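Engineer: Show me how the following folds:
(2 chains)
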Amino acid sequence: MTATSKAEVREPELGRLQVLLYRLGVPLLAVITALALGALAMWASGSDPLVAYKGLLDGSFLKTRAFGETLVASTPYLLLALGVGFGFKCGLFNIGVEGQYYIGQILAVWVAINVKGLPLYVHLPLVILAGMLGGAIWAGIPGFLKVRFGAHEVITTMMLNYVSFNLCDYLVGLKGPMRDPRASVPQSRPILASAQLPRLNELPALMANPLARIVVALLVGLVLYLLFRLVTRYGFKGRLSKLNAGIVAAVSLALAAGAWLLLGNLASFGGAFVDKGSRLHIGFLIALAMSVFMWWLLYKTTFGFEIRTVGANRDAAGYAGINITRNVVMAMAISGSLAGMAGAIEIIGLDRVLKSFFSAGYGFDSIAIALLANSHPLGSIVSALLFGALRNGADLMELRSGVSKQMISVVQALILMFVAAPAVISWLYRIKAPRGEKAASVTSGWGK
Amino acid sequence: MDWSTLLSLAPSILASALRTATPIALAAYSGVLAERAGVVNIAIEGMMLMAAMVGDLAMLYTGSIWVGIFAGLLAAGVLALLHGALSITFKTDQIISGTAINIFAMGVTGFAYKRFLATPELSRPSPSTLQPIEIPLLKDIPVLGDVLFRNRPIVYAMLILTFVIWYALFKTPWGLRVRAVGEHPKAADTMGINVYRTRYISVFLSGLLAGLAGLWFSLEQVGHFDMLMTNGKGFIGLAAMIFGKWNPLGALAAALIFGLPEAVQINLAMSMPNVPYQFMSMIPYILTIIVLTGVVGRAVSPAADGTPYNKG
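Structural biologist: Residues are numbered from 1 along each chain as shown, chains lettered A, B, ... in the order given. Next up, the predicted model:
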């Protein structure tokens, strides 16, 4: 991961544009080329790529509920990619997010089942925090082992993956302590109602409660206030910074009041709010908020600067007096906490029971998503949506064209290859890389 | 369960351990060869899957198990060359290249499985697995004969390859060159060794070994390909490589230790209710982490492992 902003600032205006075009162009061309090669493979195996891609598009965006399901599929992707990307920014390769995801699920479900008698707005954050804590511990250990003993995080996180899979299998398996004795398949008891992440179609009923409405409206106001502050401070390079905090607060409060009014009438908006079949939950909003938060943390705080400095050059950071140990362990823990959060949200939003381990392939996919976005938290939104759409549309593609949905993995792998080796794309399309741009390189041998 | 039953089961547990250790050991040798030359190969799992699938496909269409073996090895070798191209020529991060190849192999094998193998129009030859070879005389040695000399070909191949690779790496000029390239490519280059070519050859051989590990699943053990049938054994192989300190002899010992929990589980599943098997399955992974931390003997990787070489 390169320390980009520095080199960029010194370039003349035209150079900056060139760099920007290159940075956006390479991922775009990578996606297009991968899709084209996928089409070629479909055609070669006797299927019609046009039918297949139309099915993919319908299945991910155009059919009823398709877009909602795409958002559902993108939610864990986004959080996991934020985690992987944050590690990359600190020069760490967290290849074990899937294990952290499962530990997050285990802890979240435990809190969601066993902590009784709390209202929704206390229990829900507690459950998510439990998931984050689980992920943070599971990734913090490899971080500590790295700085203390030099054990490479790729191997340690990968090993911990298998430990967590087995742990999950044990907990809900035969004679496992978390297993639901009444269930015929290995799974935990269902989580309490107060720990269920609301689906959009459950919101109108929830918002009938005036207290819940006030809490949510205030939360919306707070988020908007923070967003306004971010935009006015950083977004327009000082032009709007004269707007004082009072006006911003007043606007936010007014919007919160508006939100309060709207929340009462959610049902009249229709769509996913009344659609009983929609599985869309508010996790996607949380994931979006986390992307903005991670962007702020990485690029607008001293902590983020230290993390990026350690990632760019560990020795230089050490000489500059940055505490390497603390930053590496923190970066891993934060990376893992995002993975744990993904696990918690997925389970309290969708299944609502802990099932025995089944690899969803999140570990590898999220690496591809983070790299496609060059580890940028906001870029990850776009690439997570793309991968979520591919995953979600694959079933209809298979149904319509007979091309098995595993073809999507092939396309994803090609995207990853092209993004990781921009030299291939540059060579294919005869683009010259701007000076100072180099391929993602985040690892060295196991021993260091 | 008393000790006499355990003792009577010992030969069959040891035999199962050798069997379950075979793909792990081959995957570990695959890692040893690539990493001794300075190329990290986490795509072993993907190469194994690819070989397992292509081997079955080729057997299905030619009716010959040996053509299947050959085709499977070739397929894994081609994937290895792709890994080589990405990581040696294009200087991609080797872990990312390996990750891409793993996703790619999962996709391609799943695709081919559904398209050609799930409901085959042709029938497989019978038998569709490599048959055990009993070695005359030796097979009659008590205990040892049952464990070592009544095995299937890939198990024998694994045992022989342990010594071949050890000898080649540590006792021949070729091995010295490979290790030089993995430790200090610049110095090796100065001495007139072609770093790129050495790395390509090592990675290709690494692919062939991974291929053999994958073929153990489809053509020696099961008789057909199943989706994701290699089940993470390629990654356990990497762990065995580290545990064995990048040495085939150590890797074999590690693979046997790692294969033991599964072997015990196969043989004693009914009679040991007290220790959940999941905890036994965790042992190899926890051991590997402990070894990496250097508490029990330091594991030191080749110095240039994972770093692309830039000539000039």
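Engineer: Without its sequence neighbours, what residue ends up closest to residue 143?
Structural biologist: Going with chain A. Among residues not flanking residue A:143 along the chain, residue A:332 sits closest, at 3.0 Å (Cβ to Cβ, 6 or more residues apart in numbering or on different chains). For the C-beta atoms, the positions are set from N, CA and C on the backbone; glycine is no exception.
Engineer: my bad, the chain I had in mind was chain B
Structural biologist: Nearest residue to residue B:143, sequence neighbours excluded (Cβ to Cβ, 6+ apart): residue B:11, at 5.1 Å.
Engineer: Can you give me every residue that contacts residue A:162?
Structural biologist: If you count contacts by Cβ atoms under 8 Å, 6 or more residues apart in numbering or on different chains, residue A:162 has them with A:99, B:232, B:235-236, B:281-282, B:285.
Engineer: Point out the least confident member of those residues, please.
Structural biologist: Scanning these for pLDDT, the low point is residue B:281. It has 83.
Engineer: Which secondary structure element is home to that residue?
Structural biologist: In the assignment (DSSP states H and E), residue B:281 maps to helix B:277-293.
Engineer: how many degrees apart are the helix or strand containing the residue nearest to residue B:143 and helix B:277-293 in direction?
Structural biologist: Secondary structure from DSSP H and E places residue B:11 in helix B:3-36. Using axes from the mean of the first three to the mean of the last three Cα atoms, to 10 degrees, the inter-axis angle of helix B:3-36 relative to helix B:277-293 is 40 degrees.
Engineer: just the CA coordinates of the next helix-or-strand element following helix B:3-36, formatted as CSV?
Structural biologist: With elements assigned by DSSP H and E, the helix or strand that comes after helix B:3-36 is helix B:44-62. Extracted C-alpha coordinates of helix B:44-62, given in CSV (Å, rounded to 0.1, in the frame of the first residue of the first chain):
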residue,chain,number,x,y,z
ILE,B,44,-1.5,-25.2,-3.0
GLU,B,45,-5.1,-25.7,-2.0
GLY,B,46,-6.3,-24.4,-5.4
MET,B,47,-3.8,-26.5,-7.3
MET,B,48,-4.9,-29.6,-5.4
LEU,B,49,-8.6,-28.9,-6.3
MET,B,50,-7.7,-28.3,-9.9
ALA,B,51,-5.7,-31.5,-10.2
ALA,B,52,-8.4,-33.5,-8.5
MET,B,53,-11.1,-32.2,-10.9
VAL,B,54,-9.1,-32.5,-14.1
GLY,B,55,-7.9,-35.9,-13.1
ASP,B,56,-11.4,-37.2,-12.7
LEU,B,57,-12.5,-35.5,-15.9
ALA,B,58,-9.7,-37.0,-18.0
MET,B,59,-10.3,-40.4,-16.5
LEU,B,60,-14.0,-40.1,-17.4
TYR,B,61,-13.3,-39.2,-21.0
THR,B,62,-10.4,-41.5,-21.7
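Engineer: Please identify the buried residues of the helix or strand just after helix B:44-62?
Structural biologist: Sequence-wise, the next helix or strand downstream of helix B:44-62 (DSSP H and E) is helix B:65-84. Across helix B:65-84, burial judged by 16 or more other Cβ atoms under 10 Å in any protein chain shown covers B:65, B:68-80, B:82-84.
Engineer: Likewise for stretch A:16-34?
Structural biologist: A:18-19, A:22-23, A:25-27, A:29-31, A:33-34.
Engineer: Settle this for me: residue A:272 is touching residue A:201, isn't it.
Structural biologist: Yes. With contact defined as Cβ atoms under 8 Å, residue A:272 counts as touching residue A:201 (6.4 Å).
Engineer: Which element is encountered next along the chain beyond the helix or strand harbouring residue A:32?
Structural biologist: Assessed by DSSP H and E, residue A:32 sits inside helix A:13-44. If you walk from helix A:13-44 toward the C-terminus, the next helix or strand you reach (DSSP H and E) is helix A:49-57.
Engineer: How many residues are close by residue A:118?
Structural biologist: Neighbourhood size, residue A:118 [other Cβ atoms under 10 Å in any protein chain shown]: 16.
Engineer: Sorry, slip of the keys, the one I care about is residue A:117.
Structural biologist: By other Cβ under 10 Å, 8 other residues sit near residue A:117.
Engineer: Residue A:264 too?
Structural biologist: By the criterion of other Cβ under 10 Å, residue A:264 has 15 neighbours.
Engineer: Could I get the contacting residues of it?
Structural biologist: Contacts of residue A:264 by Cβ under 8 Å, 6+ apart are A:207-208, A:213.
Engineer: Phi, psi for residue B:116 please.
Structural biologist: In terms of degrees, to the nearest 10, the main-chain angles of residue B:116 are phi -120, psi -30.
Engineer: That one and residue A:409, how far apart?
Structural biologist: Look at residue B:116 and residue A:409: by Cβ to Cβ, to the nearest Å, they are 17 Å apart.
Engineer: For the residue nearest to residue B:143, give its distance to residue B:132.
Structural biologist: 15 Å.
Engineer: Kindly report the same for residue B:71.
Structural biologist: For residue B:71, the distance to residue B:132 - Cβ to Cβ - is 23 Å.
Engineer: quick one on the thing from earlier: so for the residue nearest to residue A:143, what's the pLDDT?
Structural biologist: On pLDDT, residue A:332 comes in at 96.
Engineer: Residue A:408 against residue A:394, yeah?
Structural biologist: Yes. Residue A:408 is within contact range of residue A:394, at 4.5 Å (criterion: Cβ under 8 Å).
Engineer: For the chain, give me the ranges with low pLDDT.
Structural biologist: You didn't say which chain, so I picked chain A. Applying pLDDT under 70 to chain A picks out residues A:1-14, A:232-245, A:435-448.
Engineer: The chain in question should be chain B.
Structural biologist: For chain B, the stretches flagged by pLDDT under 70 are B:1-2, B:269-274, B:295-299, B:312.
Engineer: before we move on, the earlier item: filter the contacts of residue A:162 down to the buried ones.
Structural biologist: Among the contacts of residue A:162, the ones that count as buried by 16+ other Cβ under 10 Å are A:99, B:235-236, B:281-282, B:285.
Engineer: mind listing the helices for the stretch 51-200 of chain A?
Structural biologist: Along the stretch 51-200 of chain A, the stretches classed as helices by DSSP state H, counting those that start in this stretch are A:66-89, A:97-114, A:120-149, A:153-172.
Engineer: What residues sit buried inside the third one?
Structural biologist: Pointing back at helix A:120-149 there. By neighbour count on 16+ other Cβ under 10 Å, the buried set for helix A:120-149 is A:120, A:123-124, A:126-147.
Engineer: ditto for stretch A:171-181
Structural biologist: The neighbour-count check on stretch A:171-181 (16+ other Cβ under 10 Å) flags A:171-173, A:176, A:178-180 as buried.
Engineer: from those, which are also near chain B?
Structural biologist: Applying Cβ under 8 Å from any Cβ of the partner chain, the subset of those adjacent to chain B comprises A:173, A:176.
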